[in-house]
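Enquirer: Need coordinates for the following:
(one chain, ligands or ions: 1)
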Amino acid sequence: LIMQQPFPPLKNDRLIRVAKGLKTDKLPVWIMRQAGRYLPEFQELRREYSFFEICQTPKLACEATLMPLKRFNLDAAIIFSDILVIPQALGMTVEMQPGVGPVLPKPLTIENMKMLQVQGAVSRLQYVGDAITTTRYALKGEVPLFGFSGAPWTLMGYMIEGGGSKTMSKAKKWLYCHPEASKQLLDILTEVITEFLLLQIEHGAQIVQVFDSSAEYLNRQLYFKYCLPYLRKIAYNVKRRIRDTKMDVPLVIFAKGAHFCLEEMESLGYDVVGIDWTLDPEKVGNLFRDKNVTLQGNLDPCALYAPKEELIKMTMQMIKQFGTDRLIVNLGHGIYPDADVEAVKTFVDAVHAIELK
Ligand SMILES: Cc1c2[nH]c(c1CCC(=O)O)Cc1[nH]c(c(CCC(=O)O)c1C)Cc1[nH]c(c(CCC(=O)O)c1C)Cc1[nH]c(c(C)c1CCC(=O)O)C2
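Expert: Purely as a prediction, here's the structure:
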């Protein structure tokens, strides 16, 4: 693995420190999906360019990444991209349809699976690396930059369903009826995800998050069989491959709705475990107390609709319940398109108003 370039030194290292279990003056805070749709300046950029044009043009991806940082005192940036760039790099068509979301017009079947272009897939994602490098320089070391990827199961779901789904029943049918093909696909995705995360780290990502957004469709049995081994393998191999460099890049796992495997998240090899908004911060805080992981979360994205004073109260309550040890404050899922920009500022500033001892 090539060493990172001599980027400007990191000034605000709160988030990286907390991810590694070190003390800070204040709690770090960022917001999943902070760079997108709810920002008027992003909507303006979208009138000029398609979604994937923005992703694939480093200057534009950088511009979108920096947008929320100009408005809010966030402790991290996240590169503007999408989890579906991997299916795209594997040769699948992905369209972003306004009001619908991602559509893959030719979904994966048992029959066409052999058509996936595994060879060279990661090199077709070079533009994400370039966007990260451009953004690292533009950030001037202000805050750390997140890279990210979808998790194997979540990507498998979109590829088979041809987009989002209320049940993921087509993808789950693979798990029940075609376990061998399922494992083959998950192996391919695990390999590509690992190389893609390494590409992002090599190009300047200072922390990386794996989004298993569709965990909520599975149960404990399925998650044990079709998710945990692959998530473990990704963390193990990424850590192994960066061990000989000076880079100590924390890994974050966010498995939305994986309450049935919450305890298992601690031992997968990730430094940070994302907690979704359906979980009780007090119970989760107690469960993970004295374990060697940092928690991230978990305010209900809809709490941003509440009156200002109420929002501040809920934020404080959540932090108190989690405990301030090893906590990265975030929402418990991505911010919604109709979120109020002022509420985001209220949330971020409320977190920073707390001085840690
Ligand atoms: C499941 C998932 C996707 N994408 C992502 C997830 C995991 C997080 C989660 O669970 O919410 C992750 C994602 N998508 C995007 C980012 C980068 C921006 C950021 O987080 O700040 C990230 C980290 C941009 C985006 N991804 C998308 C947009 C809007 C597209 C547009 O501008 O037309 C943006 C800014 C489109 C997208 N992409 C996806 C969906 C379901 C949609 C449509 C609905 C939506 O808008 O969220 C797939």
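Enquirer: Leaving out sequence neighbours, find the closest residue to Asn12.
Expert: Spatial nearest neighbour of Asn12, excluding adjacent residues (CB to CB, 6 or more residues apart in numbering): Val143 at 5.0 Å. All C-beta atoms are positioned from the backbone trio N, CA, C, and that covers glycine.
Enquirer: Output the set of residues of the stretch 251-357 of the chain in proximity to the ligand.
Expert: Residues of the stretch 251-357 of the chain lying close to the ligand by CB under 6 Å from any ligand atom are Lys256, His333, Gly334.
Enquirer: how close does the closest residue in space to Pro144 that isn't next to it in sequence get to Val293?
Expert: Spatially, and ignoring its direct neighbours in sequence, Pro144 is nearest to Gln206 (4.0 Å; CB to CB, 6+ apart). When distance is defined by CB to CB, to the nearest Å, Gln206 is 18 Å away from Val293.
Enquirer: Contacts only, for the closest residue to the ligand within the stretch 151-300 of the chain.
Expert: Closest approach between the stretch 151-300 of the chain and the ligand, counting by CB to the nearest ligand atom: Ser213, at 3.1 Å. When contacts are counted by CB atoms under 8 Å, 6 or more residues apart in numbering, Ser213 touches Ile83, Gly150, Ala151, Thr154, Phe254, Lys256.
Enquirer: Throw these into JSON lines and include neighbour count, thanks.
Expert: Formatted as JSON lines, these follow (neighbours: other CB atoms under 10 Å):
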{"residue": "Ile83", "neighbour count": "19"}
{"residue": "Gly150", "neighbour count": "24"}
{"residue": "Ala151", "neighbour count": "27"}
{"residue": "Thr154", "neighbour count": "25"}
{"residue": "Phe254", "neighbour count": "27"}
{"residue": "Lys256", "neighbour count": "23"}
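Enquirer: ok, back up a step: what about Gln206 and Val293, which has more around it?
Expert: Gln206 (27 against 19; other CB atoms under 10 Å).
Enquirer: any idea of the pLDDT on the more buried one?
Expert: Note for Gln206: predicted pLDDT of 97.
Enquirer: surely it meets Ile16?
Expert: Yes. Applying CB atoms under 8 Å, one finds Gln206 in contact with Ile16, separated by 6.4 Å.
Enquirer: anything in contact with each of these two?
Expert: Joint contacts of Gln206 and Ile16 (CB under 8 Å, 6+ apart) are Leu10, Pro144.
Enquirer: For stretch 269-284, which residues meet the burial criterion?
Expert: Gly269, Tyr270, Asp271, Val272, Val273, Gly274, Ile275, Asp276, Trp277, Leu279, Pro281, Val284 (16 or more other CB atoms under 10 Å).
Enquirer: Likewise for stretch 187-198?
Expert: Under the neighbour-count criterion of 16+ other CB under 10 Å, stretch 187-198 has Ile188, Leu189, Thr190, Glu191, Val192, Ile193, Thr194, Glu195, Phe196, Leu197, Leu198 buried.
Enquirer: How about stretch 172-181?
Expert: Per 16+ other CB under 10 Å, stretch 172-181 contains these buried residues: Lys172, Trp174, Leu175.
Enquirer: What is the end-to-end distance of that stretch?
Expert: 12 Å (CA to CA, to the nearest Å).
Enquirer: can you give me how far stretch 170-181 is from the chain middle?
Expert: 25 Å (CA atoms, centre = their mean, to the nearest Å).
Enquirer: pLDDT averaged over that stretch - what is it?
Expert: For stretch 170-181, mean pLDDT is 98.
Enquirer: quick one: it near the ligand?
Expert: No. With CB under 6 Å from any ligand atom as the criterion, the ligand is not reached by stretch 170-181; the gap is at least 13.4 Å.
Enquirer: All further residue positions should be reported with the first residue as 52.
Expert: With 52 as the first residue, the last one maps to stretch 221-232.
Enquirer: what's next to that stretch, contact-wise?
Expert: By CB under 8 Å, 6+ apart, stretch 221-232 touches 158, 161, 164, 207-208, 210-212, 216, 233, 236, 268-269, 273, 276-277.
Enquirer: How about stretch 161-181?
Expert: 106-109, 130, 132, 136-137, 139-143, 157, 159, 198, 225, 229, 232, 235-236, 239, 242-243, 246-247, 250-251, 253-254.
Enquirer: now with 7 Å?
Expert: Stretch 161-181 has contacts (CB atoms under 7 Å, 6 or more residues apart in numbering) with 107, 109, 130, 132, 136, 140-142, 229, 232, 236, 239, 243, 246-247, 250-251, 253-254.
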